[in-house]
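Colleague: only geometry, no sequence info:
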């Protein structure tokens, strides 16, 4: 998306800073994501667990790699595919560190975790591809002054919808995993902070800035489906997740065992017998 928004030529009534500011926000958000990604890998190795649910892994990598093969510009393709490969590297590290601890109760899944991931990844990637092709072939967003030609779909809008669906699905699954575990193992406040700031800057900030100053080309940002997805993502990420995380941390500090596996990984029944 970077190339398609960085080189826009907005009409005269749109301030010239709109493109520059939104692009800077996008770059800053991506930088925060990189920091959170490596923090996630480091924490996974240290705790022998991970905080990225399987669904979130599938949604992120499927969208990144599939989009990388669709974008026509070579620099967009190189950047997107590199990001997708970085995500796969992180998943490999997290699986290696945490698969036994998190899936020891289900040996079949533990032995075939990559098979499960691959099946879900394939299904989701096909869906992303079909939606993207439908969007592009029908030239949604064509003819937006300063954004697209009369026979050209709006890649920036396509990026918005795919990214927003991924955010809503991944963040809700991450919240669910924290609730089911009842433990902060594999997680860290700094991971959440860097990722939340990255999303606020690179997605909500970048598109919000454009939608405010250039609404005729970015009206989809404030459409009802978009607002619903935003509500799910923001509610999970900025309200429910930190509240639940702090509640669990308080329980852990008080020595109260919650969830099926405590922080040190000892099964509950073994702890009770010692």
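Modeller: All right, it came through fine. All values derive from a computational prediction rather than experimental measurement.
Colleague: how many neighbours does residue 232 have?
Modeller: Look at residue 232: counted by other CB atoms under 10 Å, it has 17 neighbours. Placement of C-beta: from N, CA and C, glycine included.
Colleague: Residue 153 now?
Modeller: 18.
Colleague: Give me the three-state assignment for it.
Modeller: coil (DSSP: H, G, I helix; E, B strand; the rest coil).
Colleague: what about it, distance to residue 220?
Modeller: Distance, residue 153 to residue 220, by CB to CB, to the nearest Å: 12 Å.
Colleague: Name the residues contacting each of those two.
Modeller: Residues touching both residue 153 and residue 220 (CB atoms under 8 Å, 6 or more residues apart in numbering): residue 141.
Colleague: residue ranges with poor pLDDT in the stretch 51-200 of the chain?
Modeller: 146, 148-149 (pLDDT under 70).
Colleague: can you give me the strands for it?
Modeller: Under the criterion DSSP state E, counting those that start in this stretch, the stretch 51-200 of the chain contains no strands.
Colleague: where exactly do the helices run in it?
Modeller: If DSSP state H, counting those that start in this stretch is used as the criterion, the helices of the stretch 51-200 of the chain fall at 54-70, 74-103, 107-111, 113-137, 155-181, 189-199.
Colleague: same for the last one, what does it pack against?
Modeller: Yep, that's helix 189-199 we're talking about. Contacts defined by 3 or more CB pairs under 8 Å, 6 or more residues apart in numbering; DSSP states H and E place helix 189-199 against helix 17-47, helix 241-253.
Colleague: In a markdown table, list the ones you listed along with mean neighbour count and mean pLDDT.
Modeller: As requested, those are exported to a markdown table (neighbours: other CB atoms under 10 Å; pLDDT from 0 to 100):
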| stretch | mean neighbour count | mean pLDDT |
| --- | --- | --- |
| helix 17-47 | 18 | 91 |
| helix 241-253 | 15 | 92 |
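Colleague: how about a markdown table for the ones you listed, with distance to residue 206 added?
Modeller: Below are those laid out as a markdown table (distance: least, CB to CB, whole Å):
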| stretch | distance to residue 206 |
| --- | --- |
| helix 17-47 | 4 |
| helix 241-253 | 22 |
